[in-house]
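Asker: Build the 3D model from these lines:
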Amino acid sequence: MTVLEVLQSTTAYFKKRNVESPRLNAEHLLAHSLGKKRIDLYLEFERDLAEAELAPLRDLVRRRGQGEPLQHLLGTVEFCGRTFVCDKRALIPRPETEELVELLQSKIENPKSKILDVGTGSGVIALSLAAVFPEAEVHALDLSEEALSLARENAVHLLPERTFEFIQSDLLLYVTHVYDMIVANLPYVSAGERGSVSREVLRDPETALFGGAVGDEVIRRLIETAPPHLSPGGLLALEIGIGQAEALTAFLQEQNYRDVSARQDYAGVTRFLLARYG
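Answerer: Residues are numbered from 1 along each chain as shown. Below you'll find the predicted structure:
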């Protein structure tokens with residue numbers, strides 16, 4: 001089979017199995033199995049592929065058809081222009097979180113700010129901010145030691161010259177520092193929404209997905225416990241679920257935060273809450 005024929009047959013296979021963006025998935029997996037870039041495939045459409053080249057692709061295609069996330073099969077994910085190691089140890093970063101990082105870059109006035117990323121997962125928020133602000137002191141926290149091990153790998157790979165503090169803690173229980181900014185992309189899916197979550201998303205760690213019966217319970221715990229760890233006027237930045245903004249805004253105000261503002265993502269969904277304390 002030629003490169004083009006393999007792409008066409010793989011795309012058809014993915015369509016039957018309800019894989020989103022079937023052609024794009026086929027291109028990514030073929031390029032990965034051949035050790036090439038996707039653009040290279042377009043220059044080799046008529047090239048015949050040997051059996052030795054097809055064998056590793058078949059396993060990847062089968063696993064993708066069964067719902068294993070593309071990022072897990074590739075072992076990497078692109079985030080804010082950088083390539084991060086990605087596997088089942090942590091949540092696959094979403095495009096909305098890239099928007100949060102872009103938003104925060106405009107909010108950091110002091111390049112030497114002290115920043116804490118709560119629920120760091122693979123470390124994408126912490127490391128992306130650290131790359132833009134080389135003088136900032138960035139700490140990364142997660143409940144999962146497996147997630148922290150992944151974040152450490154990404155730190156060594158992307159910013160080997162930097163020193164980071166990685167903290168294993170249930171939210172801020174074991175945190176002793178005070179920060180200019182605390183940012184968090186915490187679990188916000190309610191337990192009742194499990195049936196509507198895609199099979200790919202369900203491959204993420206459950207503790208990174210489900211926030212409780214309502215969905216915002218973990219976020220509320222952070223809101224309650226963050227003030228002693230924020231410097232005067234310090235910023236709390238949250239990524240939240242659909243429909244949670246109004247209740248969480250009221251809760252922030254009840255907890256004596258000020259300058260509370262909600263921001264939409266590019267899809268028009270109110271996805272981020274910013275608030276200051278003190």
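
Asker: got the residue ranges for the helices in the chain?
Answerer: 3-16, 22-34, 38-41, 51-65, 70-74, 95-105, 124-132, 145-158, 206-209, 217-225, 245-254 (DSSP state H).

Asker: Out of those helices, indicate the one that is most buried.
Answerer: helix 124-132 (a mean of 24; mean count of other C-beta atoms under 10 Å). Backbone N, C-alpha and C define where each C-beta goes, glycine included.

Asker: what's that one in contact with?
Answerer: Applying C-beta atoms under 8 Å, 6 or more residues apart in numbering, the external contacts of helix 124-132 come out as 79-80, 82, 84, 93, 97, 100-101, 104-105, 108, 115, 117, 120, 136, 138-140, 151, 154-155, 158-159, 162, 164, 183, 185.

Asker: 6 Å instead, please
Answerer: 79-80, 84, 93, 101, 105, 115, 117, 120, 138, 140, 154, 158-159, 183 (C-beta atoms under 6 Å, 6 or more residues apart in numbering).

Asker: Drop anything exposed from these.
Answerer: For the contacts of helix 124-132, a neighbour count by 16 or more other C-beta atoms under 10 Å gives the buried set as 79-80, 84, 93, 101, 115, 117, 120, 138, 140, 154, 158-159, 183.

Asker: Would you reformat the residues you listed as TSV and include pLDDT and distance to V201?
Answerer: Below are those laid out as TSV (pLDDT from 0 to 100; distance: C-beta to C-beta, whole Å):
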residue	pLDDT	distance to V201
F79	97	17
C80	97	21
F84	98	18
P93	97	12
V101	98	21
I115	98	27
D117	98	21
T120	98	19
V138	98	27
A140	98	23
N154	98	21
L158	98	25
L159	98	28
V183	98	22
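
Asker: Now render the residues you listed as a markdown table, adding distance to E20.
Answerer: Formatted as a markdown table, the buried ones among the contacts of helix 124-132 follow (distance: C-beta to C-beta, whole Å):
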| residue | distance to E20 |
| --- | --- |
| F79 | 19 |
| C80 | 22 |
| F84 | 21 |
| P93 | 17 |
| V101 | 24 |
| I115 | 34 |
| D117 | 28 |
| T120 | 27 |
| V138 | 33 |
| A140 | 30 |
| N154 | 25 |
| L158 | 28 |
| L159 | 32 |
| V183 | 28 |
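
Asker: domain ranges for this structure?
Answerer: Domain ranges of the chain: 3-66, 87-277, per automatic domain parsing.

Asker: pLDDT weak spots in this structure?
Answerer: Filtered on pLDDT under 70, the chain yields no residues whatsoever.

Asker: rerun that using 80 as the cut-off
Answerer: Where the chain drops to pLDDT under 80, the residues are 278.

Asker: any idea which residue sits dead centre in it?
Answerer: P93 (2.0 Å; C-alpha atoms, centre = their mean).

Asker: I'd say it and F79 touch.
Answerer: Yes. If you go by C-beta atoms under 6 Å, P93 and F79 touch, sitting 4.9 Å apart.

Asker: Just list the residues touching the residue lying closest to V183 once chain neighbours are set aside, thanks.
Answerer: The shortest distance from V183 to any non-neighbouring residue, by C-beta to C-beta, 6 or more residues apart in numbering, is to A237 (4.4 Å). Each residue near A237 by C-beta under 6 Å, 6+ apart is listed here: 104, 183, 274.

Asker: With P187 instead?
Answerer: 208-211, 218.

Asker: Quickly name whichever of those is closest to D40.
Answerer: Nearest to D40, judged by C-beta to C-beta, of the contacts of P187 is A208 at 34.2 Å.

Asker: Verify the stated contact: that closest one with L91.
Answerer: Yes. Here A208 lies in contact with L91, judged by C-beta under 6 Å, at a distance of 4.1 Å.

Asker: Can you get me a residue count around V214?
Answerer: 15 (other C-beta atoms under 10 Å).

Asker: Can you report how many residues lie near G243?
Answerer: Going by other C-beta under 10 Å, the residues that sit close to G243 add up to 12.
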